[in-house]
Structure formats: structure tokens, C-alpha cells
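> Predicted model and sequence below, questions to follow.
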Amino acid sequence: MLDARFVRENPEKVKAALQKRNMEMDLAPFMAVEEGRLSNIRQLDELREQRNKVSEEISRLKKQRQDAAGLIEEMKGVSARIKELEEEQREAERKAREFLLAVPNVPHASVPVGKDETENVEIRRWGEPRQFDFAPLNHWDLGEMHGIMDFERASKIAGARFSLMKGAGAGLERALMNFMLDLNTSKGYTEVFPPILVNRDSMTGTGQIPKFEGEYFRIADPELYLIPTAEVPVTNIHRQEILEEERLPIRYTAYTPCFRREAGSYGKDTRGLIRQHQFNKVELVKFVRPEDSYDELEKLTGDAEDILRRLGLPYRVIVLCTGDLGFSSAKTYDLEVWLPGQGRYREISSCSNFEDFQARRADIRIRRTGKKGTELAHTLNGSALAIGRTVVAILENYQQKDGGIVIPDALRPYMGIEKIG
RNA sequence: GGAGAGGUGGCCGAGUCGGUCGAAGGCAGCCGCCUGCUAAGCGGUUGUGGGGGUAACACCCCACCCAGGGUUCGAAUCCCUGCCUCUCCGCCA
């Protein structure tokens, strides 16, 4: 969420930011609401001041057993007026917030301007895509060949876009989860294991709601959402809190399952593990001082990259252009891993700096050492990594001519085997 | 699922029959003073948000005692609803 005052005082900046995102919003209704809201505040404050003073006077008169009937009568009118204004005020505040909740973040100056994902910019590559002397298979063929994935039964149990991992496949998921968590905690991230059902306030706090309501699974009674990413529960750990500056940066890593409706992606990645309603992911989340957040974004991205390197998986880093940037994000790097089965790079991690956008929604503030008052924290997060897609990458990159899958060195202590098949 | 208790400032904790309660007192913290050091002691100080105001401070006003409504001239104090916590019984991974 953007600051109401910022929008009020910089409508042209907001418009420019929206334009970069290929969006247009009419700010006029918001401006009108704000104008009314502000003048209302002044009137209300004045009337309440009057009421406070006269009430005190009434109290004094009564103690002296003098007549206060006239003042009381007079205050009835004032109180009625206050009540009216308070109602208007509630409505104005609701409208202003409703509007602001639908406005996306302002992209950082370093983010390339572009209309859609075709204009994202590659920053760097690591590793050489392997040359195969045979036709590499897709991971779903490999998975079925080894009996470690069973999509047919998964669909019987739950439906399309669910997977059933078996044997070494299930073991690989578990090994990756542990490998990633161990590596992340060794770098100082604190491991947490949060609720995977969250309330509406949490979803709103990180920006999933109200704009993208339809993209998430929700249970009706009680009203709770299945998290689409650990970002939601973990960032909300500090919702409505004031963090002491000395505690920063606060860094968490969490494994959770993630759930997404994938509405609107009919026909995309219908086979295999790439796009599932349920998948495993290890996430990194940071709470930092505003002046540190862009350094921290680089570090966080580096921490995610480290996992791919240790697994020996070729990847590239791209910066999302303004047209492809997520709603809450000011800047995002995507990590894309090389998939021989598809002959292209596919997203396996997304690392974002939200600046104070989530912090304002979720009311996460910091208190500077020795200073009065508070200011908003900056929040960041990134996948490190999406586990399902890492499984895909390992199967496809480490497959052998005979169909066997060599387990990457880094994973062997966690798998207890060197090869599948 | 059944029965009860409660939600006050960083923490503990007081708030009488509604009337200077943003809220006593204690602890912690900060700034001084004092004392060879330490400990103790003395004085002062310490919330958040908003609207004004200032070059910036200062300063002024409003709101906030779980949340949202209501009663009243006036509510932390009364009423309603919701949320949460705790205790006991039952059930259960």
C-alpha cells in the first residue's frame, strides 16, 4: 500500500508508476475522498475539543451543585453532530483504504521499463547447459520410468495439477527440503515452521488480497486461506509490531507447502511437476532498515543462487521489467534454471524487495536506537528454492543415457544413494 | 463439544457509585546527582497514530485502556457483538 499523503501530494508520480506497469487508474475519486476526509478531521477535532471542555465544565458545576441543564442541552447538539461526522469519517477512511489497497507498488528506479515478460532483462548466467549425446527426456517421463511419480493416481486422489511422489521421488523432495533449510540456517536465517492456513488480515498484509482474491484456496468456515507461499505467514510474524533497530536485519527461512488455484493458466504446463496446485517451497524472508534493503535484495538473491550452484544446476538471473513486476514488489529478480527436457530456462525462484509496501499494510515498524518515533520497515523475500521445480531440474539435468538419475554430490548425504535407477 | 475466568502503557499491576485517567504504584529503560569500584540511594524522564504549527525544533489539538458498535452532556469504567487467552470436564493426532 502506498502512503495516502504521498499519493495526495504526488499524483503525477503515481500515475507515471502505474503507466510503467501498463496500468491506468483514475485518481480523482481518491483525491475527492481525501479532501473530504481531511476537512472532516479538522471539524471533528474542533468539536471534540469543545465537547471535552464543556463536559469538564459540567462536571465542575455539578460538583458545586449548580445548574448545568443549559450546557447539557447545548452539548446534545454538538454530540449529535460529532456522531454524524464520525460516520462520514468512517466511510471516508474505508473508501480511501479500499482505493489504496488496489494500487500497486512504485517500481524502483533501477527496474527496466517494459510492457511484459518479453522485456525482462537478463543480468547474468551461471553454468553451461549440458550437451547430451542422446535426446534428453522430460521429467515426467523419467519420473514414470522410475516409478517415482504417479500423476494418474494423484488425479484420482485429488484432481488435475496434483502429484503423488513415491520412493526416491518422495525422498528427493525431503532431501531437498532439508538441504535447503540447512544451508539457509548456516547463513544465519532462523528456521520457522508457520501455519499454512492464515486469516484474511495476513493475506491482506502481504498484498495477496483484495486484488487477487480468486487465485487462492479458501476454506469457508472458519474463513481461512491456504498459503500460496511462506511469505504470507512469515512476513506476518511481525505484523503490528515495532522492531528495535538493533534486532535488524531479521532473517527467516521456512519450509511450507504452497497452494495456488492457477486459475487462468489453463493449458499451461499441464503435464508434470512444473505447475501444481500444491507444491513444496523453502522461503527466505527479511525485515530490514530502509537504507539496507537493496543491498539485502542482492544478498538474498545470492543466497538463493548458491543453492543452484551447489546442486550444479545452470541458471540465469533476470530482473523483471515494470510490466511483469508483481503487484507488491518494487524490484524483483527471477532465477531461472535450465531444463533440458524443455530446452529452456524456467523460473525456480523469485526474489523481491517490497520496500515499505507490505510494511504499511501490515503495520511493521522499526524504532531507531536513541530516536523518537517510528518508521516503516522494509520487507523482502525470495524462494530458496521451489522444491518441485528443483526436482524437475535435477531429473532432467542429471539424467543418463540409460535413464538413470545421478544424485548431485551436495544431496547425497541427504539421500543416501548416488543414483536413481 | 460442555462449564467457568479474563483481556489496561516494554513488563507487572491499580482503577471506587461513569466526571482532568493517557491512565496510580512497581519493574525495566534513558538523563543527571551522589558514593574508591560494585550494589544501594536521590531527582527528572520514557507510548502510538492523526490534524495543525515550525526553516527545523518547540508547541497546540484530537484519537487510542483487545476489536467493532451502542447508551450518556461525558466511558478504561455501563450494554451488545466479535476475536483472543487461561482453567476444568469430555474427545482426540
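Nice, I can see it.
> Break chain A down into its structural domains.
Listed by automatic domain parsing, the domain ranges of chain A are A:4-101, A:117-420.
> For stretch A:140-157, list every residue counted as buried.
For stretch A:140-157, the neighbour count (16 or more other Cβ atoms under 10 Å) marks A:140, A:141, A:142, A:143, A:145, A:146, A:148, A:149, A:150, A:151, A:154 as buried. Placement of C-beta: from N, CA and C, glycine included.
> I figured residue A:238 hits residue A:250, correct?
Yes. If you go by Cβ atoms under 8 Å, residue A:238 and residue A:250 touch, sitting 7.3 Å apart.
> and for those two, which residues touch both?
When contacts are counted by Cβ atoms under 8 Å, 6 or more residues apart in numbering, residue A:238 and residue A:250 have residue A:287 as shared neighbours.
> which of those two has more neighbours?
Using other Cβ atoms under 10 Å as the criterion, residue A:238 and residue A:250 rank with residue A:238 on top: 23 against 17.
> With residue A:374 as the reference, measure out to the closest residue to the more buried one other than its chain neighbours.
Closest residue to residue A:238 apart from its sequence neighbours, by Cβ to Cβ, 6 or more residues apart in numbering: residue A:364 at 5.0 Å. For residue A:364, the distance to residue A:374 equals 10 Å [Cβ to Cβ, to the nearest Å].
> Settle it for me: which of those two has more neighbours?
residue A:364 (25 against 14).
> check contacts around residue A:243.
Contacts of residue A:243 (Cβ under 8 Å, 6+ apart): A:250, A:287, A:364, A:365, A:366, A:367, A:377.
> That one falls within a strand, correct?
Yes. Assessed with DSSP: H, G, I helix; E, B strand; the rest coil, residue A:243 lies in a strand.
> for it, which residues make a bridge with it?
residue A:366 (DSSP bridges).
> can you pull out the helices in the stretch 201-350 of chain A?
A:231-235, A:293-310 (DSSP state H, counting those that start in this stretch).
> Residues of chain A that sit close to RNA strand B?
Proximity of chain A to RNA strand B (Cβ under 7 Å from any atom of the strand) is limited to residues A:5, A:38, A:41-42, A:44-46, A:48-49, A:51-56, A:58-59, A:62, A:72, A:75-76, A:78-79, A:83, A:87, A:90, A:242, A:365, A:367, A:372-374.
> where in the stretch 201-350 of chain A is pLDDT low?
The stretch 201-350 of chain A contains no residues with pLDDT under 70.
> what about the helices of the stretch 201-350 of chain A, which gets the closest to residue A:259?
Smallest distance to residue A:259 across those (Cβ to Cβ): 10.8 Å, for helix A:231-235.
> Now do the contacts for the closest residue to residue A:388 other than its chain neighbours.
The shortest distance from residue A:388 to any residue that is not its chain neighbour, by Cβ to Cβ, 6+ apart, is 4.2 Å, and that residue is residue A:279. Shown in contact with residue A:279 (Cβ under 8 Å, 6+ apart): A:257, A:258, A:273, A:386, A:387, A:388, A:389.
> For the fifth one, which non-adjacent residue is spatially closest?
In this case it means residue A:387. Take residue A:387 and drop its neighbours on the chain: the residue closest to it by Cβ to Cβ, 6+ apart is residue A:280, 3.9 Å away.
> now that neighbour: how far from residue A:390?
Taken as Cβ to Cβ, the span from residue A:280 to residue A:390 is 9 Å.
> shared neighbours of the two, anything?
Joint contacts of residue A:280 and residue A:390 (Cβ under 8 Å, 6+ apart) are residue A:176.
> who's more crowded, the two?
When residue A:280 and residue A:390 are compared for neighbours, residue A:390 comes out ahead with 29 against 22, by other Cβ under 10 Å.
> count of residues packed around residue A:348?
Applying other Cβ under 10 Å, we find 26 residues neighbouring residue A:348.
> Which pLDDT value goes with the closest residue to RNA strand B within the stretch 301-421 of chain A?
The nearest approach of the stretch 301-421 of chain A to RNA strand B comes at residue A:374, 3.8 Å away (Cβ to the nearest atom of the strand). pLDDT, residue A:374: 88.
> Equivalent analysis for the one 5 residues further on, please.
According to the prediction, residue A:379 has pLDDT 95.
> just to revisit the earlier point, excluding covalently adjacent residues, which one is nearest to the residue of the stretch 301-421 of chain A closest to RNA strand B?
Nearest non-adjacent residue to residue A:374 (Cβ to Cβ, 6+ apart): residue A:365, at 4.1 Å.
> so how many other residues sit close to that neighbour?
Residue A:365 sits with 18 neighbouring residues when counted by other Cβ under 10 Å.
> do the same with the one 10 residues further on
Residues lying near residue A:375 (other Cβ under 10 Å) number 16.
> now swap in the one 3 residues further on and tell me
Close neighbours of residue A:378, defined as other Cβ under 10 Å, add up to 28.
> Tell me how far the nearest residue in space to it that is not next to it in sequence lies from residue A:113.
Distance criterion Cβ to Cβ, 6+ apart; nearest residue to residue A:378, sequence neighbours excluded, is residue A:293 at 3.8 Å. Distance of residue A:293 to residue A:113, computed by Cβ to Cβ: 21 Å.
> Next: residue A:80.
For residue A:80, the distance to residue A:113 - Cβ to Cβ - is 54 Å.
> give me the beta-bridge partners of the nearest residue to residue A:234 once chain neighbours are set aside?
Nearest residue to residue A:234, sequence neighbours excluded (Cβ to Cβ, 6+ apart): residue A:285, at 4.3 Å. Assessed by DSSP bridges, residue A:285 has beta-bridge partners residue A:252, residue A:381.
> Is residue A:285 in contact with residue A:236, as I believe?
No. If you go by Cβ under 8 Å, residue A:285 and residue A:236 don't touch, sitting 9.9 Å apart.
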